[in-house]
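Engineer: Need a 3D model of the following:
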Amino acid sequence: MMRRREVITLLGGAAAWPFAARAQQPAVPVIGYMDTASASTTAHLVEAFRRGLSAAGYDEGRNVAIEYRWADGDYNKLPALAAELVRRQVAVFATMNTPTILAAKAATQTIPIVFGVGVDPIKFGLVASLNRPGGNLTGVTQLNIEMEAKRVQLLHELVPAATSIALLINPSSPAYSEAETEIAQSAARSLGVHLLVLNASTESSIEAAFGTLANERAGSLLVSGDSFLVSKRDQIVALAARHVVPTLYHRREFTAIGGLMSYGPSLSEVYYQVGDYTGRILKGAKPSDLPVQQSTKFELVINAKTAKALGIEVPISMQMLASEVIE
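Structural biologist: The predicted structure follows:
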C-alpha cells in the first residue's frame with residue numbers, strides 16, 4: 001500500500017509538470033519598434049506594419065512581441081530609447097524616419113535594423129549598396145527627399161505668378177532637413193524663383209515662421225515631411241488658411257483636414273514592406289542579403305474645396321495626375 005507521504009510527493013510532482021513544461025518553452029522574439037512620431041499620429045501606419053509582419057508569418061501576441069518606443073516629436077529622446085531596446089535584447093529593430101534610424105545605428109552594430117527612410121541610404125552611410133546592403137541594416141527607401149524637386153515644380157505650376165516659395169523645415173533633424181533644403185534650393189533656382197527657408201521645431205516657432213512668410217510675402221509654401229511637423233498638422237493647416245497661402249505637403253493627412261495639396265510616397269506601402277522584412281529576418285534572413293526596396297506607389301492628393309477657397313484654379317493636367325481629389 002502506498003504511504004501518504006509518497007502520494008503527496010507524486011501529486012506535488014504532477015502539479016509542477018505544467019510549470020516545468022512552460023518554463024522550457026522558448027520565449028517569443030521581441031521587435032524593438034521606434035518612431036519619431038506618436039502612437040496616435042501613426043496608428044494606421046503601425047497597422048500596415050503589422051500586416052506586413054503577418055504576411056511573413058508573425059502576429060503580435062501570438063508568436064512575436066513588439067516593444068514600442070515613441071519620441072513624440074522630441075528627437076533628443078531617441079539615443080536613450082535605442083539604448084533601452086538594446087538592453088532589452090530585442091531580436092530586430094524596426095525603425096521609421098531618419099533620426100530614429102541614425103539613433104539605432106549608433107546604438108548597435110550587431111542587432112539587425114530594418115528601416116523606412118526618406119533619404120538616400122547609400123549617401124547617408126546606412127548601406128554599402130542597394131542590392132547588397134552589407135552590415136546589419138536594410139529596409140525601404142521612400143525617395144521622399146528626391147521628390148522635393150517635383151514638389152517645387154508642382155507649386156510653381158499651381159501658382160506661376162509667385163516669385164518666392166517658402167520651405168518649412170525642422171532644424172532638429174539636420175540629416176534630413178539639410179538634404180531636403182539643398183534639393184529644393186536647386187529646383188527653385190532652375191525655375192527662376194527664390195526659396196525662403198523657415199525653421200520650426202516648436203509650436204511657437206511654427207507661428208513665428210508664418211509671420212516671417214507673411215512679412216517676406218512668399219507666394220506659396222512647401223512643408224517638410226518631418227515627423228514633428230506632421231504631428232502639428234492641425235496648427236499648420238489652420239495657419240496656411242489664415243494667411244491664405246497655397247501650401248503643398250508631403251502627406252495626405254494634411255490634405256484630408258483641409259490642406260491644399262500633398263505629394264509623396266504611399267506610407268502604408270512603406271510600413272507594410274518594413275513589417276515584411278522584419279518578419280523575414282526573424283525567420284533567419286540576414287539584413288546584408290536583403291536588397292533595399294524602393295517605393296513604387298506615389299500619391300498626389302488635391303483638396304478642391306480648399307483650392308476654391310484660395311481662388312486657385314487647379315490645372316486640368318494636374319487634376320488628371322491626381323490619385324485623389326477631395327471635394
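Engineer: wouldn't residue 147 be in contact with residue 264 here?
Structural biologist: Yes. The pair residue 147 and residue 264 qualifies as a contact (CB atoms under 8 Å) at a distance of 6.6 Å. C-betas here are computed from N, CA, C, even on glycine.
Engineer: Between those two, which contacts overlap?
Structural biologist: Counting by CB atoms under 8 Å, 6 or more residues apart in numbering, the residues touching both residue 147 and residue 264 are residue 298.
Engineer: backbone phi and psi for residue 98, please?
Structural biologist: Here is the backbone geometry of residue 98 (degrees, to the nearest 10): phi -60, psi -50.
Engineer: Kindly report the same for residue 48.
Structural biologist: Here residue 48 shows phi and psi, under degrees, to the nearest 10, equal to phi -70, psi -40.
Engineer: got a list of what it touches?
Structural biologist: Residue 48 makes contact with 267-269, 271-272, 275, according to CB under 8 Å, 6+ apart.
Engineer: Quick one: residues in contact with stretch 225-240.
Structural biologist: The set of residues that contact stretch 225-240 without belonging to it, under CB under 8 Å, 6+ apart, is 35-38, 41, 71-73, 75, 97, 118, 144, 168-170, 172-173, 176-177, 200-201, 203, 206-207, 210, 221, 223, 247, 249-251, 253-254, 257-260, 264.
Engineer: Buried only: go through those for me.
Structural biologist: 35-37, 41, 71-73, 75, 97, 118, 144, 168-170, 172-173, 176-177, 200-201, 206, 210, 221, 223, 247, 249-251, 253-254, 258-260, 264 (16 or more other CB atoms under 10 Å).
Engineer: So what's the residue count around the closest residue to residue 150 other than its chain neighbours?
Structural biologist: Among residues not flanking residue 150 along the chain, residue 263 sits closest, at 6.8 Å (CB to CB, 6 or more residues apart in numbering). Here the neighbour count serves as a burial measure; for residue 263 (other CB atoms under 10 Å) it reads 26.
Engineer: any idea which helix or strand carries residue 263?
Structural biologist: When secondary structure is defined by DSSP states H and E, residue 263 falls within strand 261-265.
Engineer: domains for the chain, by residue range?
Structural biologist: 30-143+266-297, 145-264+299-326 (automatic domain parsing).
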